[in-house]
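In: got a predicted structure here, sequence first:
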Amino acid sequence: MNQIFLVLKREYMTRVKKKSFLLATLLTPLILPSIIFVIVYFGTRDKKSNQDDIIVLDQSGYFTDTFNESGYAFEYMTGSLEDGKAAMAEKEAFGLIFIPPVDLEDKAKTSYDGFAFYSKTNPSFRVLQDFEKTISTKLEDVKLQKSGLDQEVLKSLDARVSLESFNLTDEGEESKSNAGLSYAIGYGTGFLIYIFIFVYGSQIMQSVLDEKTSRIVEVIVSSVRPFQLMMGKVLGVGAVGFTQLLIWIVLIGGLSTVGVSLLGGGSQEVMDAMAQGQSADLTQGQEMAMKIQELIATIPVGKILFSFLFFFLGAYFLYGALYAAVGSAVDSIQDAQQFMLPIVLPILAAIMSMFFVLEDPNGGLAVTLSMIPFTSPIIMMARIPFGVPDWQLALSMILLVVGFVGTIWLAGRIYRIGILMYGVKVNWKIIAKWFTMKV
């Protein structure tokens with residue numbers, strides 16, 4: 001055990017003392033939001049400033065000054081389709097919307113053909129959807145006018161309902177929930193684990209490869225058993241990731257708390273006054289701060305954080321041992337590619353299944369994948385914000401522990417032989433023999 005701790009300490013201190021670690025740890029919580037802000041800012045700015053010309057050739061006579069989609073400047077004309085194409089080329093317009101003659105006298109007809117959009121490059125799917133919606137809405141309005149029905153009466157028949165969501169316990173206690181926030185947290189935490197597995201797993205494999213190819217490992221194994229060396233590396237790199245994760249949680253939590261406090265400007269006092277039935281004049285910042293606090297109150301923050309740390313460590317130990325085994329069996333990164341597919345497939349299956357799980361977090365697919373150790377870290381984190389029975393969460397954790405203990409044992413059987421093998425073209429048949437070899 002002392003040897004494992006020594007290797008762990010060496011791996012941990014070597015990485016933590018690097019300037020790159022400190023910079024990445026401290027700047028990541030600031031860089032990621034900044035990147036998102038810049039992308040959103042310039043995306044919306046370009047959308048508003050870059051006006052592309054679109055010609056609307058209307059042969060129906062219904063669409064004068066109808067289109068108003070942002071990001072485009074519309075020019076209306078009449079004539080033939082060939083005239084429209086010629087005008088598009090002459091004015092170097094982005095596109096041409098062709099609207100054929102439309103017969104709206106047939107009240108039973110609901111589908112109309114002949115509409116087309118011409119452009120030199122493919123438009124986005126959203127742009128076409130916006131144009132289709134504009135055309136459909138205009139035709140519906142015209143048909144409504146021709147029907148002679150009172151539009152005001154029809155508008156008064158509209159009924160809009162806002163459905164609030166609550167969770168109800170077995171004891172009858174209710175708590176407000178938010179499906180959108182649960183979806184975002186489930187996807188975000190699952191995707192973070194997915195990224196961490198690749199990043200820190202690759203670090204383990206690279207570390208093993210570096211020591212093996214430099215022959216340093218021959219000196220190390222003279223005083224440390226191969227299995228102890230592998231466990232020390234896995235635990236050491238895992239401790240680095242855990243440290244980085246805790247710092248991020250503290251930084252993000254602290255910055256969020258300060259931001260909400262500055263935004264609210266005494267929102268706690270306002271909430272207390274409203275809870276007592278007293279009126280309170282809220283500023284825009286206070287209203288936003290209150291909404292943020294109400295959203296946070298709808299999710300089990302403590303349970304999510306604890307589960308995230310547990311499944312993060314469980315996924316790391318499970319896959320980290322496999323990455324170490326692959327690193328010990330080969331002599332280069334290129335040789336490792338053939339052994340990476342069985343490791344990567346479960347991770348990819350989990351991240352691709354997450355979209356279906358988020359749509360039905362208590363369905364058969366979600367429950368099954370959240371129990372399989374190779375997929376449970378990602379899938380269970382996607383389910384937890386929606387509410388998971390305690391027995392399912394406990395069973396998933398137990399199976400994950402059993403899973404990473406099993407993979408560590410299997411990886412150790414490969415590591416103890418492979419770490420001292422040089423110049424051997426390893427394949428699956430050779431690896432299978434290593435399981436039965438005695439050292």
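Out: Right, received. Where do you want to start?
In: from residue 77, how far out is residue 85?
Out: Going from residue 85 to residue 77 by CB to CB, to the nearest Å gives 11 Å. Where C-beta positions appear, they are placed from N, C-alpha and C, glycine not excepted.
In: got any ranges where the stretch 301-439 of the chain has weak pLDDT?
Out: Applying pLDDT under 70 to the stretch 301-439 of the chain picks out residues 438-439.
In: which helix of the chain spans the most residues?
Out: The residue-count maximum for a helix in the chain (DSSP state H) belongs to helix 226-264.
In: can you list the domains in the protein?
Out: Domains of the chain are assigned by automatic domain parsing as 51-145, 178-434.
In: most tightly surrounded among those domains?
Out: Greatest average neighbour count among these goes to domain 178-434 (a mean of 17), per mean count of other CB atoms under 10 Å.
In: how far away from the center of its chain is it?
Out: 13 Å (CA atoms, centre = their mean, to the nearest Å).
In: can you check stretch 13-25 too?
Out: That offset, for stretch 13-25, works out to 26 Å (CA atoms, centre = their mean).
In: same thing with stretch 141-153?
Out: 45 Å.
In: contacts for it?
Out: Stretch 141-153 is contacted from outside by 62, 104-105, 107, 154, using CB atoms under 8 Å, 6 or more residues apart in numbering.
In: quick one: the helices in the stretch 201-350 of the chain?
Out: Applying DSSP state H, counting those that start in this stretch to the stretch 201-350 of the chain gives helices spanning 216-220, 226-264, 267-275, 284-297, 301-329, 333-359.
In: just the angle between the second one and helix 301-329, please?
Out: Taking axes from the mean of the first three to the mean of the last three CA atoms, to 10 degrees, one finds that helix 226-264 is oriented at 150 degrees with respect to helix 301-329.
In: related to what we said a few turns ago, select, out of the domains of the chain, the one closest to residue 12.
Out: Counting by CB to CB, residue 12 lies closest to domain 178-434 out of these; the figure is 4.6 Å.
In: thinking again about what came up before, how about the domains of the chain in a markdown table, adding distance to residue 13?
Out: Shown next, in a markdown table, are these (distance: least, CB to CB, whole Å):
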| stretch | distance to residue 13 |
| --- | --- |
| domain 51-145 | 50 |
| domain 178-434 | 9 |
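In: quick one: buried residues of stretch 143-159?
Out: residue 143 (16 or more other CB atoms under 10 Å).
In: what are the C-alpha coordinates of that stretch, in CSV please?
Out: Presented in CSV, the C-alpha positions along stretch 143-159 are these (Å, rounded to 0.1, in the frame of the first residue of the first chain):
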residue,chain,number,x,y,z
LYS,A,143,-58.7,32.3,-46.4
LEU,A,144,-60.1,33.5,-43.1
GLN,A,145,-60.9,36.9,-44.6
LYS,A,146,-62.6,35.3,-47.6
SER,A,147,-64.7,33.0,-45.4
GLY,A,148,-66.5,36.0,-43.9
LEU,A,149,-65.8,35.0,-40.3
ASP,A,150,-65.2,37.7,-37.7
GLN,A,151,-61.5,37.6,-36.9
GLU,A,152,-61.9,39.2,-33.5
VAL,A,153,-64.4,36.5,-32.5
LEU,A,154,-62.0,33.8,-33.6
LYS,A,155,-59.1,35.4,-31.7
SER,A,156,-61.3,35.6,-28.6
LEU,A,157,-61.6,31.8,-28.8
ASP,A,158,-57.9,31.3,-28.3
ALA,A,159,-57.0,29.7,-25.0
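In: any regions of the stretch 101-250 of the chain where pLDDT drops low?
Out: Short version for the stretch 101-250 of the chain, where the test is pLDDT under 70: 107-108, 163-178, 218-219, 221-222.
In: where exactly do the strands run in it?
Out: 116-119, 165-168, 174-177 (DSSP state E, counting those that start in this stretch).
In: Three-state assignment for residue 388, please.
Out: Put simply, residue 388 is coil when judged by DSSP: H, G, I helix; E, B strand; the rest coil.
In: list the contacts for it?
Out: 361, 370, 380.
In: nearest to residue 4 among these?
Out: residue 380 (28.6 Å).
In: kindly confirm my reading that that closest one forms part of a helix.
Out: Yes. Assessed by three-state DSSP, residue 380 belongs to a helix.
In: contact partners for the nearest residue to it once chain neighbours are set aside?
Out: Excluding the flanking residues, the one nearest residue 380 by CB to CB, 6 or more residues apart in numbering is residue 370, at 4.3 Å. Shown in contact with residue 370 (CB under 8 Å, 6+ apart): 357, 376, 379-380, 383, 388, 392, 396.
In: which one of the residues you listed is nearest to residue 238?
Out: Nearest member of those to residue 238, counting by CB to CB, is residue 376, at 17.7 Å.
In: which elements pack onto the helix or strand where residue 84 lies?
Out: Element membership of residue 84, judged by DSSP states H and E, is helix 81-90. Packing contacts for helix 81-90, counted by 3 or more CB pairs under 8 Å, 6 or more residues apart in numbering; DSSP states H and E, involve strand 52-58, strand 72-77, strand 95-99, strand 116-119.
In: if you set the cut-off to 6 Å instead, what comes out?
Out: strand 52-58, strand 95-99 (3 or more CB pairs under 6 Å, 6 or more residues apart in numbering; DSSP states H and E).
In: the shortest one packs against which elements?
Out: Looking back up the chat, that one is strand 95-99. strand 52-58, helix 81-90, strand 116-119.
In: any chance of those in JSON lines, plus distance to residue 212?
Out: Formatted as JSON lines, the helices and strands packed on strand 95-99 follow (distance: least, CB to CB, whole Å):
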{"stretch": "strand 52-58", "distance to residue 212": "57"}
{"stretch": "helix 81-90", "distance to residue 212": "63"}
{"stretch": "strand 116-119", "distance to residue 212": "56"}
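In: nearest to residue 334, out of the ones you listed?
Out: Closest to residue 334 of the helices and strands packed on strand 95-99 is strand 116-119 (CB to CB; 44.0 Å).
In: so what touches the closest one?
Out: If you take CB atoms under 6 Å, 6 or more residues apart in numbering as the criterion, strand 116-119 is touched by 95-98.
In: nearest to residue 428 among the helices and strands packed on strand 95-99 would be which one?
Out: strand 116-119 (51.5 Å).
In: picking up where we left off before, which phi and psi does the residue nearest to residue 380 have?
Out: Backbone torsions for residue 370, taken as degrees, to the nearest 10, come to phi -80, psi -10.
In: re the thing from before, want to throw the helices of the stretch 201-350 of the chain into TSV with distance to residue 203?
Out: Shown next, in TSV, are the helices of the stretch 201-350 of the chain (distance: least, CB to CB, whole Å):
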stretch	distance to residue 203
helix 216-220	17
helix 226-264	5
helix 267-275	42
helix 284-297	33
helix 301-329	8
helix 333-359	13
